[in-house]
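Trainee: structure for the following, please:
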Amino acid sequence: MDDELVARVRAASDRLSRAERRVAESVVADPRAVAFGTVADLAQRSGASGASVVRLAAKLGFDGFTEMQAIVQRDLARRLRPATERIRSPAPGDVLAETMHAALDAVEQSLRAIDRPTFDRVVAALAEPDRNVWTIAGSASGGIVSQFATHLAMLRPGVRSLRGDPVSVARSLAEVGPGDVVVALDLARYDAWVADSVERCVARGAEVVALTDSPLSPIASGAASLVLVEANTVGPFDSYVGALAALDAVLAGVARAIGDAAVERLDAIESSWSSTQALTADDG
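Mentor: Prediction:
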């Protein structure tokens, strides 16, 4: 995922035609297709025309495909450089080693892609105790978002989840209002109901924080804050380690921002656990 290219695609997304969006999706999904391909290659890959590729480059602010290609090549070279400094490359078929490198790369790319103003804005919004916080996630990402919501609720009150059957979701949506913060996570292939719910939250005046894998994701367009995460892995399914790292960073930031109030809340929770013997003691 190329940082500059992603930023340009996001800025121009509302002005792209359907064919240009297909090209943009291919570019964001695999920057190497731009770095090492031709206009014809990218057009064929996207199911679009060469003219659509050229028009996309222009709408992204490049002086043609050649300049767009040069920018992507430069950023790919910078990103790939650390790989050449590794002590050794994983042996062919070494799934554990390949997975380790892919996971580390996903975490690094995801955290490096978060610009400081966006991070600070997200933390500040979630740290305001008077603002309700809602979480929403696609079916595959529900587990880590549920854990994020649980931890956030241990730091501050007013954390709720948008989930369940259509009736339950619609009932919860009726309670979302201006000033509320909605944290949404969904990766390709995207859940249609998540995109619809996020759109409805925006219409109701909520501030949406979207964590996703592309600026062209359906939950990205209405987001006040967009956090792009890397999802590539060596296996057949998307990796969520990048998204998990981003959410961990947000939780750490919120805990520091809330400060003493979070400590008091955690102390009260620990006291309740202790008095009810809800947790098994660690005897070492």
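Trainee: so where do the helices sit in this structure?
Mentor: With helices called from DSSP state H, the chain shows them at 3-12, 18-29, 32-35, 39-46, 50-59, 65-84, 95-112, 116-127, 142-155, 166-173, 192-203, 241-258, 260-276.
Trainee: got these as JSON lines, with distance to Leu216 and mean pLDDT columns?
Mentor: All C-beta atoms are positioned from the backbone trio N, CA, C, and that covers glycine. Shown next, in JSON lines, are those (distance: least, C-beta to C-beta, whole Å; pLDDT from 0 to 100):
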{"stretch": "helix 3-12", "distance to Leu216": "7", "mean pLDDT": "79"}
{"stretch": "helix 18-29", "distance to Leu216": "5", "mean pLDDT": "86"}
{"stretch": "helix 32-35", "distance to Leu216": "15", "mean pLDDT": "76"}
{"stretch": "helix 39-46", "distance to Leu216": "12", "mean pLDDT": "89"}
{"stretch": "helix 50-59", "distance to Leu216": "12", "mean pLDDT": "92"}
{"stretch": "helix 65-84", "distance to Leu216": "16", "mean pLDDT": "70"}
{"stretch": "helix 95-112", "distance to Leu216": "17", "mean pLDDT": "89"}
{"stretch": "helix 116-127", "distance to Leu216": "18", "mean pLDDT": "96"}
{"stretch": "helix 142-155", "distance to Leu216": "21", "mean pLDDT": "96"}
{"stretch": "helix 166-173", "distance to Leu216": "24", "mean pLDDT": "94"}
{"stretch": "helix 192-203", "distance to Leu216": "12", "mean pLDDT": "95"}
{"stretch": "helix 241-258", "distance to Leu216": "17", "mean pLDDT": "97"}
{"stretch": "helix 260-276", "distance to Leu216": "36", "mean pLDDT": "93"}
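Trainee: how does this protein divide into domains?
Mentor: 3-85, 116-273 (automatic domain parsing).
Trainee: would JSON lines of the ones you listed with distance to Ala106 be doable?
Mentor: Compiled in JSON lines, the domains of the chain are given as follows (distance: least, C-beta to C-beta, whole Å):
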{"stretch": "domain 3-85", "distance to Ala106": "12"}
{"stretch": "domain 116-273", "distance to Ala106": "4"}
